[in-house]
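Q: Model the following, please.
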Amino acid sequence: MDKAKVDLFKKNLDALVGSNYIELKKKLQNIKELKKFNYFLKKDPLDINITRKSDLKTIFKNPKEELEDKIKAFKEFARYPFFFFYGLGNGIFFKALLQNDLHKRIVVFEAELEIIYLVFHWIDFDLELRQGRFIIMHSKEMDYVKADVLCSLPQISISFKLYDLKITCEFYEKYYKEDIERINDLLMKAITNITLRQGNDPKDTMIGIEQAVYNLPKVFTHPSYDELKQKRSNKNKASAIIVGTGPSLTKQLPLLKEYQDKAVIFCADSAYSILVKQGIKPDYVCMLERDEIVSECFNNDFGDFDKDILFILASLVSKKTIDYLEKNHRKYMLVARASTYTNYLDLSSFGYIGGGMSVSHMACELALKLGFKNIILIGQDLAYAKDGSHHSKGFIHDDYHIGDYERDFNRYTTMAYGGQGIVQSSQVWILFKQIFENFCAANSYAKIYNCTEGGARIEGSIEKPFKEACKEFLTKELKKPLVKLKNPSKEQRNHLMLENYKRVKKSITMGENFLKHCKKIDRRIKKFIYSSKSRYSLDELVDELDLIKEKLNRKKYTHLSNVLSSLLYHHNLLSSKLYVQNINNESDKQNKLLAWVYSHESWLEDIIDILGVQNQRLKQAIIPLQDILEKKNLI
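A: Numbering: from 1, shown residues only. Okay, the predicted model is just below:
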């Protein structure tokens, strides 16, 4: 190829920035000659074809004619924010699609490296690749973690109803059927799990916010997250063991007891009483959940055994949890869970955790942030045992899972630990498994060893027998108890309490003002729909709705969007197909605007209801902090 094409190829390669492109870049650079494909360039720059050498099969029958037909057909999708395609073809169609700025993401999967290599020699994708508008994936590198990352991109995640894996041309349909199905399955799983992670009940979020505000005085009178990281970062290069409560835990307990003084042990709240009965003392006991039922994990008195154990709780736990801890004089700290509301509060020294959905995710995140290089998972089955049991012996909430195995049987199967056969799992465990897989993929400095020796395989973790891991990593006793942590000073406590009190009060005031605005627009919409006397046009009502959305996207209003996040997310999913409808004439425009207003009536009512309840709950939740400040004459 001539120098201009070689320079263009290098330019496109340089535009492949980021860790996800490292392997693809290497592979393309290593191509020295074309072994599988050839190409034909005609005088017309749009008339480019690629031929497979083995059977002389061309990608296109008539490249220019097919391009024109496809561009014409895709006018129907002019407002779509994203596309997924299988097959790069000669690349010209994608360059044409990218001329439309409304297309924010175009993802293309291509199985043949030589086709990517060729296209990069004749089309300049430099700008689009750097902006992330054009994403090219070698399909053989595709796995669940990459699917999750792609589908989590903002322009994609809020419009899943528009998802379709389109096949670029007939050539790919016949020869890559299995690959297309595999990638479609990965993307569909990612879409399902991302949607599940968003939740669907604002009440749960509301309870979390309410309890996090109620617990603020406890947050500031106990050690901070910064204090924990500063005093207990893993400077002695110890290994961490994360103890879950899967069915396989029971068989690992004797070995854990033998090596307990040679590792830093993090355990799930429900695993604590199990360890106590075996005489195994964890260094950290973690709790993530807001529900009162989880509090029962601490409704026990183990006397001196609790000494020197630090209970690390998400700050949204229930009051009952803290009551149980204080009743038995256990040492604890509260860490803010990442959310737009806790980010709005002045809690930077006391958080944030939030990389997962289970208490074991929380423990793993803490171990990573404390700098442990070797993290050992045990009891992390994320699947039912062969006898149908779901947790280890002694699990405190065993009765709540009666019938789960029968309900889930053959609905959520996954590869077994060690890659031998399949195991029975559940929807939530599959989600937990994939979050662990994201952890494994996202960190580059720590190794996560799955030593469960049972249950489901966690892709990206290193499977290793627990005994081997103990012999390799747990070679010397650690200095225990771990270094003591200090509570914030009186001046720090007072400052933090006062600042957060002001922020909560401000959020209530802003919430009330926002509610007034929403109620005003709601009245206008209802008058338009149910009365003939409205003085507002469709355009004006749509502008008002856009203003509400624009406000919720402003930084100063993000604390309001927290409790609304699942509502807003699911509404966006439902309204995305209406949003992308094309308008060909004034009648189309009026019909679309009318449908848009109708679709937002119940949405606005839900916002009014949810924020109204949250404001009332915040007024109650702030009382303990207010009482303390009044006694100190600070307000």
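
Q: drop to CA atoms for contacts and neighbour counts, all remaining ones
A: OK.

Q: Wait, Lys42 touches Lys64, no?
A: No: if you go by C-alpha atoms under 8 Å, Lys42 and Lys64 don't touch, sitting 10.7 Å apart.

Q: Quick check: neighbours shared by these two?
A: Common neighbours of Lys42 and Lys64, using C-alpha atoms under 8 Å, 6 or more residues apart in numbering, are Ile48.

Q: Mind checking which of these two has more residues around it?
A: Lys64 (18 against 10; other C-alpha atoms under 10 Å).

Q: mind listing the helices for the stretch 201-350 of the chain?
A: In the stretch 201-350 of the chain, the helices defined using DSSP state H, counting those that start in this stretch lie at 202-214, 216-220, 225-232, 249-259, 269-277, 292-295, 319-327, 340-344.

Q: Ok, which of the ones you listed comes nearest Pro481?
A: Each of those has some distance to Pro481 by C-alpha to C-alpha; the shortest is helix 225-232, at 11.3 Å.

Q: Show me which positions of that closest one end up buried.
A: 225, 227-228, 231-232 (16 or more other C-alpha atoms under 10 Å).

Q: And these, which is closest to Leu564?
A: Tyr225 (27.5 Å).

Q: surely that closest one meets Gly351?
A: Yes: because the distance of 5.8 Å satisfies C-alpha under 8 Å, Tyr225 is recorded as touching Gly351.

Q: Pull up the overlap in contacts between those two.
A: Common contacts of Tyr225 and Gly351 (C-alpha under 8 Å, 6+ apart): Val335.

Q: Direction included, what does the helix or strand of the chain with the lowest mean pLDDT pair up with?
A: Scoring the helices and strands of the chain by mean pLDDT, DSSP states H and E places strand 351-353 at the bottom, with a mean of 85. Listed by DSSP bridges, the sheet partners of strand 351-353 and their directions read strand 331-337 (parallel).

Q: following the helix or strand hosting Asn494, which helix or strand shows up next?
A: Secondary structure assigned from DSSP states H and E places Asn494 in helix 490-530. Following helix 490-530 in sequence order, the next helix or strand is helix 538-553 (DSSP H and E).

Q: send the alpha carbons of that following helix over as CSV?
A: Extracted in CSV, the C-alpha atoms of helix 538-553 (Å, rounded to 0.1, in the frame of the first residue of the first chain):
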residue,chain,number,x,y,z
LEU,A,538,-48.0,21.7,23.4
ASP,A,539,-44.7,23.3,22.6
GLU,A,540,-44.8,25.3,25.9
LEU,A,541,-45.7,22.2,28.0
VAL,A,542,-42.9,20.2,26.4
ASP,A,543,-40.5,23.1,27.2
GLU,A,544,-41.7,23.0,30.8
LEU,A,545,-41.1,19.3,31.0
ASP,A,546,-37.6,19.8,29.5
LEU,A,547,-36.9,22.4,32.2
ILE,A,548,-37.7,20.0,35.0
LYS,A,549,-35.4,17.4,33.5
GLU,A,550,-32.7,20.0,32.9
LYS,A,551,-33.0,21.0,36.6
LEU,A,552,-32.6,17.5,37.8
ASN,A,553,-29.4,17.2,35.7
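
Q: Output the contacting helices and strands for the helix or strand that comes right after that helix.
A: The element immediately downstream of helix 538-553 (helix or strand, assigned by DSSP H and E) is helix 558-579. Secondary-structure packing of helix 558-579 (3 or more C-alpha pairs under 8 Å, 6 or more residues apart in numbering; DSSP states H and E): helix 177-198, helix 202-214, helix 340-344, helix 490-530, helix 538-553, helix 586-621.

Q: how about a cut-off of 7 Å?
A: helix 202-214, helix 340-344 (3 or more C-alpha pairs under 7 Å, 6 or more residues apart in numbering; DSSP states H and E).

Q: Tell me the buried residues in the least confident helix or strand of the chain?
A: Counting neighbours by 16+ other C-alpha under 10 Å, one finds that the buried residues in strand 351-353 are 351-353.

Q: can you check stretch 253-272 too?
A: 253, 256, 259-272.

Q: related to what we said a few turns ago, can I get the helices of the stretch 201-350 of the chain in a markdown table including distance to Lys10 and mean pLDDT?
A: Below are the helices of the stretch 201-350 of the chain laid out as a markdown table (distance: least, C-alpha to C-alpha, whole Å; pLDDT from 0 to 100):
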| stretch | distance to Lys10 | mean pLDDT |
| --- | --- | --- |
| helix 202-214 | 49 | 91 |
| helix 216-220 | 54 | 96 |
| helix 225-232 | 44 | 95 |
| helix 249-259 | 53 | 96 |
| helix 269-277 | 54 | 95 |
| helix 292-295 | 57 | 91 |
| helix 319-327 | 59 | 96 |
| helix 340-344 | 42 | 89 |
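
Q: Adding distance to Glu365, write these out as CSV.
A: Below are the helices of the stretch 201-350 of the chain laid out as CSV (distance: least, C-alpha to C-alpha, whole Å):
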stretch, distance to Glu365
helix 202-214, 20
helix 216-220, 20
helix 225-232, 12
helix 249-259, 20
helix 269-277, 15
helix 292-295, 20
helix 319-327, 22
helix 340-344, 18
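
Q: how about the ones you listed, which one is nearest Gln492?
A: Gln492 lies closest, by C-alpha to C-alpha, to one member of these: helix 216-220, at 8.2 Å.

Q: between the helices of the stretch 201-350 of the chain, which gets nearest to Leu515?
A: helix 202-214 (16.3 Å).

Q: Restrict the closest one to CA atoms and write it as CSV.
A: C-alpha atoms of helix 202-214 as CSV (Å, rounded to 0.1, in the frame of the first residue of the first chain):
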residue,chain,number,x,y,z
PRO,A,202,-37.7,4.4,45.0
LYS,A,203,-38.9,3.4,48.5
ASP,A,204,-35.7,1.4,49.1
THR,A,205,-33.6,4.4,48.1
MET,A,206,-35.7,6.7,50.3
ILE,A,207,-35.2,4.4,53.3
GLY,A,208,-31.5,4.5,52.7
ILE,A,209,-31.4,8.3,52.5
GLU,A,210,-33.6,8.6,55.6
GLN,A,211,-31.4,6.2,57.7
ALA,A,212,-28.2,7.7,56.4
VAL,A,213,-29.3,11.2,57.6
TYR,A,214,-30.7,9.7,60.9
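
Q: Not counting it itself, show me its contacts.
A: Residues outside helix 202-214 that contact it (C-alpha atoms under 7 Å, 6 or more residues apart in numbering): 290, 315-318, 563-564, 566-567, 614, 617-618, 621-622, 624.

Q: tell me which of those is nearest to Gly371?
A: When the contacts of helix 202-214 are ranked by distance to Gly371 (C-alpha to C-alpha), Ser315 comes first, at 22.5 Å.

Q: Pretty sure that closest one sits against Met333.
A: No: using C-alpha atoms under 7 Å, Ser315 is not in contact with Met333; the gap is 8.5 Å.

Q: Which of these two has more residues huddled nearby?
A: For Ser315 and Met333, the more surrounded residue by other C-alpha under 10 Å is Ser315, and the numbers stand at 29 against 25.

Q: Could you pull up the contacting residues of that one?
A: Counted by C-alpha under 7 Å, 6+ apart, Ser315 has contacts 212, 215, 334-337.

Q: Let's see that with 10 Å instead.
A: Taking C-alpha atoms under 10 Å, 6 or more residues apart in numbering, we find Ser315 in contact with 208-209, 211-216, 218-219, 287-290, 333-337, 342, 350-352.

Q: Make sure Gly379 is actually in contact with Lys393.
A: No: proximity of Gly379 to Lys393 does not meet the contact threshold set by C-alpha atoms under 10 Å, at 11.2 Å.

Q: Show me which of those two is the more surrounded one.
A: Remark: of Gly379 and Lys393, Gly379 carries more neighbours, 28 against 15, as counted by other C-alpha under 10 Å.

Q: still on that earlier bit, out of the contacts of helix 202-214, which is nearest to Tyr176?
A: Among these, and counting by C-alpha to C-alpha, the member closest to Tyr176 is Ser566, at 37.1 Å.
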